[in-house]
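**Student:** what's the 3D shape of this:
(one chain, ligands or ions: 1)
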Amino acid sequence: MDKKTAKNIYNTLLQQYPDAIDSPSTLGRGVPFEVLILTILSAQTTDRAVLAVKEPLFKQYPDPHKLARAEIYDIEPIIHSLGFYHVKAKHIIAAAQKLILDFDGIVPTTMDGLLTIPGVGRKTANIVLYHAMGKNEGIAVDTHVRRLAQRIGFSKSSDQDNIEQDLMRLFPQGQWGDLTDVLITHGRACCTAKKPQCEVCPISRYCMYYHT
Ligand code: SF4
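**Tutor:** Take a look at the predicted model:
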């Protein structure tokens with residue numbers, strides 16, 4: 001795919017979903033510590049489910065110092081509804097401990113720093129950098145972004161890192177964070193995993209899947 005087509009797709013999706021960016025149904029922008037913890041918790045579940053535990057979790061553990069001292073069995077009942085609650089409780093406590101140990105309790109502002117935190121890969125780091133700090137250092141490739149990148153023809157790879165590189169080549173850096181938001185919105189609304197609704201899709205004319 002060429003950059004001009006990619007630009008047309010981006011603009012069409014932005015027009016179709018003007019509320020996609022910073023939608024209240026996403027984890028949104030906010031305090032870096034909260035965005036980091038919520039993004040770690042969002043694995044294998046919906047943003048809506050994660051947002052439901054936000055208040056009770058941060059009411060008891062408002063900062064890394066308090067969370068670092070928590071026991072796994074204290075956290076589990078609060079995040080039980082998210083699934084994988086034992087591993088997730090372990091991860092967020094370990095993340096808080098790492099923040100205390102290596103970063104004076106402050107979420108690092110670089111990709112390299114974030115990648116040293118337990119439970120944080122490039123996807124989570126990209127979300128934290130963009131949504132908590134407004135930095136476009138990469139593109140968060142979640143399950144929706146991966147599926148759409150392959151179907152639309154942004155990438156031929158199934159590897160998360162390769163897809164991110166392909167997207168970074170196609171789109172200007174200033175659009176990277178918002179691109180994730182519009183692709184996720186389109187993935188939920190129209191290009192769903194089970195049954196893409198190609199007949200009503202605003203970008204079908206550009207889509208590789210549609211033309212094969
Ligand atoms: S045309 Fe179909 S496969 Fe392509 S983006 Fe639209 S819904 Fe998805």
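
**Student:** Outline the domain layout of the protein.
**Tutor:** As assigned by automatic domain parsing, the chain contains the domains 3-19+143-206, 32-133.

**Student:** touching the ligand at all, the shortest one?
**Tutor:** Right, domain 3-19+143-206. Yes: judged by Cβ under 6 Å from any ligand atom, domain 3-19+143-206 comes into contact with the ligand at 151-152, 190-191, 196-198, 201, 203-204. C-betas here are computed from N, CA, C, even on glycine.

**Student:** so how far is that domain from its chain's centroid?
**Tutor:** Distance, stretch centre to chain centre, for domain 3-19+143-206: 14 Å (Cα atoms, centre = their mean, to the nearest Å).

**Student:** Just the terminal-to-terminal distance for that domain.
**Tutor:** Length of domain 3-19+143-206, first residue to last, Cα to Cα, to the nearest Å: 12 Å.

**Student:** out of everything not next to it in sequence, what's closest to Cys207?
**Tutor:** Leaving aside its sequence neighbours, Cys207 sits nearest to Ile152 (Cβ to Cβ, 6 or more residues apart in numbering; 5.1 Å).

**Student:** Over to Asp178?
**Tutor:** Nearest residue to Asp178 in three dimensions, chain neighbours excluded: Ile21, at 5.1 Å (Cβ to Cβ, 6+ apart).

**Student:** again with Ala68
**Tutor:** Counting by Cβ to Cβ, 6+ apart, the residue nearest Ala68 is Ala96, at 4.0 Å.

**Student:** can you check Gln97 too?
**Tutor:** Excluding the flanking residues, the one nearest Gln97 by Cβ to Cβ, 6+ apart is Ala68, at 4.5 Å.
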